[in-house]
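Trainee: Turn this into a model:
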Amino acid sequence: MIEILFLGTGCMQPTKTRNHSGILVSFGKENILLDCGEGIQRQMRIAGIKPAKITRLCISHWHGDHVFGIAGLLSTMGADKPDKKLMIYGPPGTKKYLENLLRSFAAKDIIEHEVIEVKGGTFFENEEFQLEAQPLKHSVLCYGFSLIEKDRRKINVVKADKFGLKGPVLGELQEGKVITLNGKKIHPDDVSVIVKGKKISYIADTVPCNGANALAQDCDLLISEGTHLDEIKEKTEKYMHLTVKEAALIASENNVKKLVVTHLSQRYKDASQVLEEAKTYFNNVVVAEDFMRLKV
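Mentor: You can find the predicted model right below:
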């Protein structure tokens, strides 16, 4: 199961109820942080999450509301001395930005880390999932991210018992191997079914574009910015963001199962207007709030 924790759901300026951008995606032993705005590690402490548990940091772009928390996070993680290296992914230029950031103060106990600059497509893959990036269209280089869970086999316990299956052979069947037991061949399809993996995507700051559509396509959960209501669309376009309507239309047109609207402007004290506009164009939608948790 994949769990999403919203640590920051605001826009350029934080408010009393909305921190700068940050979303934690937990899957198995992985804790993947999508963006790290100012105050994110404090948000993590409030939510009961130790910064040292972060395994990967994905940076969509280098605007301050998405990255001002990175220096503090790396310092805290280094002080906690986790027995691992932090993997950091971001757009071209990330290595230089991070080097400059760490030179801007008397850096101490920074966690060991490795920076990989992404340019689209799959940038990490293991047996359980893969991470993909798609270019977005913002005022600076910006990427959105997808976590795509691999399809897996689920053993039907009743059928397995009828064959007298137990122990390591069940693991082999889950891996898709044909086994022989008591002279009889047993195919994985005899005792298991394939469970399709989930797709979670994050559309960061952008205007409508092909990359946003690719991220949204067939998503089980799409997390998308929706900075303003459509009534001030000209202002939204000027700063190269999505309106709530545009985020909902992207979900509607790309077979998304559930949409979460985030990155709200500080002008919206009450999210009811945002939810009302989103539901006009896509029904299965919620507006993100700081510390909201979802399971997929």
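
Trainee: Tell me how many other residues crowd residue 167.
Mentor: For residue 167, the count of nearby residues is 7 (other Cβ atoms under 10 Å). Bear in mind the C-beta positions are built from the backbone N, C-alpha and C, glycine included.

Trainee: Need the per-residue pLDDT for it.
Mentor: With respect to pLDDT, residue 167 has a value of 78.

Trainee: From residue 174, how far out is it?
Mentor: Between residue 167 and residue 174 the computed distance is 12 Å (Cβ to Cβ, to the nearest Å).

Trainee: What segments of the stretch 101-250 of the chain are strands?
Mentor: Shown for the stretch 101-250 of the chain, the strands assigned by DSSP state E, counting those that start in this stretch span residues 113-117, 121-125, 129-135, 143-149, 152-155, 179-181, 184-186, 192-195, 199-203, 221-225.

Trainee: and residue 237, which of those strands is closest to it?
Mentor: Nearest to residue 237, of all these, is strand 221-225, at 13.5 Å by Cβ to Cβ.

Trainee: Format the CA atom coordinates belonging to that closest one as PDB.
Mentor: Taking Å, rounded to 0.1, in the frame of the first residue of the first chain, the C-alpha atoms of strand 221-225 are listed here in PDB:
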ATOM      1  CA  LEU A 221      -4.100   9.200  -7.800                       C
ATOM      2  CA  LEU A 222      -3.100  12.500  -9.400                       C
ATOM      3  CA  ILE A 223      -1.800  15.300  -7.200                       C
ATOM      4  CA  SER A 224      -1.900  18.500  -9.100                       C
ATOM      5  CA  GLU A 225      -1.300  22.200  -8.500                       C
END
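
Trainee: what pLDDT, on average, does it get?
Mentor: 98.

Trainee: List the strands paired with that strand, with their directions.
Mentor: Next to strand 221-225 in the sheet, as set by DSSP bridges, lie strand 199-203 (parallel), strand 259-262 (parallel).

Trainee: coming back round to it: just put the strands of the stretch 101-250 of the chain in TSV and tack on distance to residue 60 and mean neighbour count.
Mentor: Below are the strands of the stretch 101-250 of the chain laid out as TSV (distance: least, Cβ to Cβ, whole Å; neighbours: other Cβ atoms under 10 Å):
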stretch	distance to residue 60	mean neighbour count
strand 113-117	13	14
strand 121-125	13	14
strand 129-135	9	21
strand 143-149	6	24
strand 152-155	29	15
strand 179-181	45	13
strand 184-186	47	12
strand 192-195	30	14
strand 199-203	7	27
strand 221-225	10	27
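
Trainee: Need the ones you listed in CSV (columns: distance to residue 264).
Mentor: Below are the strands of the stretch 101-250 of the chain laid out as CSV (distance: least, Cβ to Cβ, whole Å):
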stretch, distance to residue 264
strand 113-117, 29
strand 121-125, 28
strand 129-135, 23
strand 143-149, 18
strand 152-155, 35
strand 179-181, 53
strand 184-186, 53
strand 192-195, 34
strand 199-203, 14
strand 221-225, 9
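
Trainee: rank those strands by mean pLDDT and give me the bottom one.
Mentor: strand 179-181 (a mean of 77).

Trainee: Can you list the strands that it pairs with?
Mentor: strand 184-186 (antiparallel).

Trainee: what about the helices in the stretch 1-150 of the chain?
Mentor: 40-47, 64-67, 70-80, 94-103 (DSSP state H, counting those that start in this stretch).

Trainee: what's the most buried one of those helices?
Mentor: Compared across these, helix 64-67 shows the largest average neighbour count, a mean of 21 (mean count of other Cβ atoms under 10 Å).

Trainee: one step back: as TSV, the strands paired with strand 221-225 with distance to residue 227 would be great.
Mentor: Listed next are these as TSV, based on distance: least, Cβ to Cβ, whole Å:
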stretch	distance to residue 227
strand 199-203	12
strand 259-262	9
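
Trainee: Measure how buried residue 172 is and give me the count.
Mentor: Residue 172 has 15 nearby residues by other Cβ under 10 Å.
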